[in-house]
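Trainee: Have a look; sequence and predicted model below, questions after that.
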Amino acid sequence: MKCFVTGATGFIGANLVHELVQRGHQVKALIRKNSDTRGLAGADIESVDCDICDNNSLTVAMTGCDWCFHVAASYHLWLRDYTPMYRTNVDGTRCVIDSAARAGCSRIVYTSTVGCIGLPEAKDAGGQIAPADETTPLKKGQLTNHYKRSKWQAEQITLERAADGLPVVIVNPSAPVGPRDVKPTPTGRIIVDFLNGQMPGWVETGLNWAHVRDVATGHILAAQNGRLGERYILGNAEGNWSMRRTFEVLAELTGLTAPRLRIPYSLALLFAYLNEGVSRITGTPPKAPVAGVRMSKYKMFFNPAKAVGELGLPQTPPHRAFEDAINWFKTNGYIRR
């Protein structure tokens, strides 16, 4: 298949490109000028530069492609001005999907986020939080930041287009971990800060960790096997870990000492507000944005059974995902000690 990929230089996008090439697919990637392309090193692809909100140039670029993967997104938990984020995440999604349909793509896979799925609240028979799935209703109060709100709006557009008959499948990645996290992402930053001894304490929360290679593969499987108009959580059934457990695993893998200081949520939130106040003056992104602290209030545990059953989503052990991430960060000069 000839595949068009937006967001190819990002963490998930770069791994998706490598998976597509390894499987013998042709890749045409939307790469903006001055983008950091280190994650694409070694991948034989065709690149094109056009505005994600320019329908005409997108349609021309996608003509002849069989599959479109719309992975591009503005992912920030703090910005001085969120207007560009909504332009990219909402308007850009509308343009990409409509352009892909006009260009004749037989499958359009949209990369959403588990942030568009309701957070788990109920507990199972053992008193543990029951992971959420694609049917868990999203309460408006859970759209706690502009990133989530913009992605939710984009997902609504995608669902509308699917209802109109366009060949759209939605994937909702959880918290990917692994190689090629060039930026790095906020989740990758947790690992880097831990390895550099810059993690004195932590706020208790929970995340669903998944190997980024599985997430990339899930995109391809969604194009091959996904039901049109459906959502699929791309996560790991064994990856629902508390932050305490996450640091314990990092300590096991590295021999370093896990941070012992658990920071109360209220204190972390106060610090975040103060941190953002300084950022509004300096323009420097806050170390602890309010949006990130608010998200930590919930155990973001998810159940990928639908993607495993219908798509055949791989389930690489989360320990391996962290091991691969650690090795990649070390090899690529992110560790200073």
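Mentor: That came through fine.
Trainee: how about the strands in this structure?
Mentor: All strands of the chain, identified by DSSP state E, fall at 2-6, 26-30, 46-48, 67-70, 107-111, 168-173, 175-177, 201-202, 206-211, 231-234, 240-242, 261-262.
Trainee: next one: the last one to chain centre, how far?
Mentor: The reference is to strand 261-262. 27 Å (CA atoms, centre = their mean, to the nearest Å).
Trainee: how far does stretch 80-94 sit from the chain's center?
Mentor: With CA atoms, centre = their mean, you get 16 Å for stretch 80-94.
Trainee: Show residues contacting it.
Mentor: Stretch 80-94 is contacted by residues 6, 52-53, 70, 72-74, 76, 79, 110, 146-147, 150-151, 153-154, 157-158, 280, 283 when judged by CB atoms under 8 Å, 6 or more residues apart in numbering. All C-beta atoms are positioned from the backbone trio N, CA, C, and that covers glycine.
Trainee: Make a ChimeraX selection of the buried ones in the residues you listed.
Mentor: In ChimeraX syntax, the buried subset of the contacts of stretch 80-94 is picked out as below (16 or more other CB atoms under 10 Å):
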select :6,52,53,70,72,73,74,76,110,146,147,150,151,153,154,157,158
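Trainee: Among the contacts of stretch 80-94, which lie within helices?
Mentor: Among the contacts of stretch 80-94, the members found in helices (DSSP state H) are 146, 147, 150, 151, 153, 154, 157, 158, 280.
Trainee: Spatially nearest residue to residue 8 (excluding sequence neighbours)?
Mentor: Nearest residue to residue 8 in three dimensions, chain neighbours excluded: residue 29, at 3.6 Å (CB to CB, 6 or more residues apart in numbering).
Trainee: bridging residues for that neighbour?
Mentor: residue 5, residue 47 (DSSP bridges).
Trainee: list the contacts for it?
Mentor: 4, 5, 6, 8, 9, 13, 17, 40, 45, 46, 47, 48.
Trainee: Wait, the fourth one touches residue 70, no?
Mentor: No - in this structure residue 8 lies outside contact range of residue 70 using CB atoms under 8 Å: 11.0 Å.
Trainee: what residues are shared contacts of these two?
Mentor: With CB under 8 Å, 6+ apart, residue 8 and residue 70 have no common neighbours.
Trainee: what's the spacing between residue 156 and residue 98?
Mentor: The gap separating residue 156 from residue 98 is 15 Å, by CB to CB, to the nearest Å.
Trainee: ok, the two, which is more surrounded?
Mentor: residue 98 (17 against 13; other CB atoms under 10 Å).
Trainee: okay, now the closest residue to that one other than its chain neighbours: neighbour count?
Mentor: Excluding its sequence neighbours, the residue lying closest to residue 98 (CB to CB, 6+ apart) is residue 55, at 6.4 Å. Using other CB under 10 Å, residue 55 is surrounded by 14 other residues.
Trainee: coming back round to it: out of the contacts of residue 29, which end up buried?
Mentor: Looks like the contacts of residue 29 have 4, 5, 6, 8, 9, 13, 17, 40, 45 buried, using 16+ other CB under 10 Å.
Trainee: wait, isn't the last one in contact with residue 16?
Mentor: No - Residue 45 sits out of contact with residue 16 when judged by CB under 8 Å, with a separation of 11.2 Å.
Trainee: what do those two both touch?
Mentor: residue 8.
Trainee: Now residue 38: closest residue in space that isn't a chain neighbour?
Mentor: Residue 38 sits nearest to residue 182 (CB to CB, 6+ apart), 5.1 Å away.
Trainee: ok, that neighbour - contacts?
Mentor: Applying CB under 8 Å, 6+ apart, the residues near residue 182 are 9, 11, 14, 36, 38, 39.
Trainee: Residue 239 versus residue 246, what's the distance?
Mentor: Residue 246 is 10 Å from residue 239, by CB to CB.
Trainee: try residue 304
Mentor: Distance, residue 304 to residue 239, by CB to CB: 9 Å.
Trainee: if I look at those two, which residues touch both of them?
Mentor: 174, 208, 210.
Trainee: Correct me if wrong: residue 215 contacts residue 15.
Mentor: Yes - counting by CB under 8 Å, residue 215 does reach residue 15; the two are 7.3 Å apart.
Trainee: between residue 246 and residue 239, what contacts are shared?
Mentor: The contact lists of residue 246 and residue 239 share 207, 209, where a contact means CB under 8 Å, 6+ apart.
Trainee: how many neighbours does residue 107 have?
Mentor: As a burial measure, residue 107 scores 19 neighbours (other CB under 10 Å).
Trainee: wait, isn't it in contact with residue 68?
Mentor: Yes - in this structure, residue 107 is within contact of residue 68 by CB under 8 Å, at 7.3 Å.
Trainee: where does this structure have low pLDDT?
Mentor: Within the chain, the stretches with pLDDT under 70 are 122-127, 337.
Trainee: Nearest residue to the middle of it?
Mentor: The centre of the chain sits closest to residue 173, judged by CA atoms, centre = their mean, with a distance of 5.4 Å.
Trainee: Which stretches in the stretch 101-250 of the chain count as helices?
Mentor: 146-163, 186-195, 212-225, 243-254 (DSSP state H, counting those that start in this stretch).
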